[in-house]
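In: fold the following for me, if possible:
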Amino acid sequence: MEKEGVLLDTISLNAVIDGFLRMGKMMKADGLLSTMRSRGLCPSLATNNILLHGFSKKKDLLMCSMLHSIMMKTGFLPGKLTCHSLILGFCETSVLEVGVKFLKKMLVEGTVVDQLTLNMLIMECYKTGELGKASN
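Out: Predicted coordinates:
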């Protein structure tokens with residue numbers, strides 16, 4: 001479409017980024033983020049959440065941590081979806097201890113955590129035989 005002179009906006013690029021992530025093309029998704037910035041388009045909270053969710057599904061916690069840090073530095077306050085995506089990544093990689101610490105940090109920072117995120121963490125505690133951590 002861009003060859004025909006139609007430039008994609010943030011919402012359209014978010015959809016393309018999400019598509020690349022779902023296909024496992026992580027570097028293409030990250031490249032579109034760079035393209036977005038080079039055009040003067042600011043990634044939105046939705047952009048960041050799409051990236052976090054995609055990288056957490058691929059169990060790339062290093063990238064998730066980097067994205068979270070960038071979000072915080074650029075003024076994006078993590079919301080429920082951000083928290084859910086990050087905790088999902090920690091649970092799926094069985095890094096329970098880090099997930100619990102991260103959740104506590106987010107709560108201190110004022111992030112509102114929903115029941116789904118808490119239930120995910122409790123289920124991971126159960127699966128790993130560490131249900132006592134769920135009550136802390």
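
In: can you pull up the most central residue in the chain?
Out: Nearest to the geometric centre of the chain sits Leu52, at 2.0 Å (CA atoms, centre = their mean).

In: name the element that residue belongs to?
Out: Under the criterion of DSSP states H and E, Leu52 resides in helix 45-57.

In: I'd like the average pLDDT over that helix.
Out: On average, the pLDDT along helix 45-57 is 87.

In: again with stretch 97-107
Out: Taken as a whole, stretch 97-107 carries a mean pLDDT of 77.

In: can you list the buried residues in it?
Out: Residues of stretch 97-107 classed as buried: 99-100, 102-103, 106 (neighbour count, 16 or more other CB atoms under 10 Å). Quick note: C-beta positions are derived from backbone N, CA and C, even for glycine.

In: contacting residues around stretch 15-31?
Out: Contacts of stretch 15-31 with the rest of the structure, by CB atoms under 8 Å, 6 or more residues apart in numbering, involve 8, 32-33, 47, 50-51, 53-55, 57-58, 60, 63.

In: kindly report the same for stretch 57-70.
Out: Residues outside stretch 57-70 that contact it (CB under 8 Å, 6+ apart) are 21, 24, 26, 48, 51-52, 55-56, 78, 82, 85-86, 88-90, 92-93, 95, 98.

In: in PyMOL, select just the buried ones from the residues you listed.
Out: Selection of buried members from the contacts of stretch 57-70 for PyMOL, criterion 16+ other CB under 10 Å:
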select buried, resi 21+26+48+51+52+55+56+78+82+85+86+88+89+90+92+95
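
In: okay, Leu88: pLDDT?
Out: Residue-level pLDDT assigned to Leu88 equals 75.
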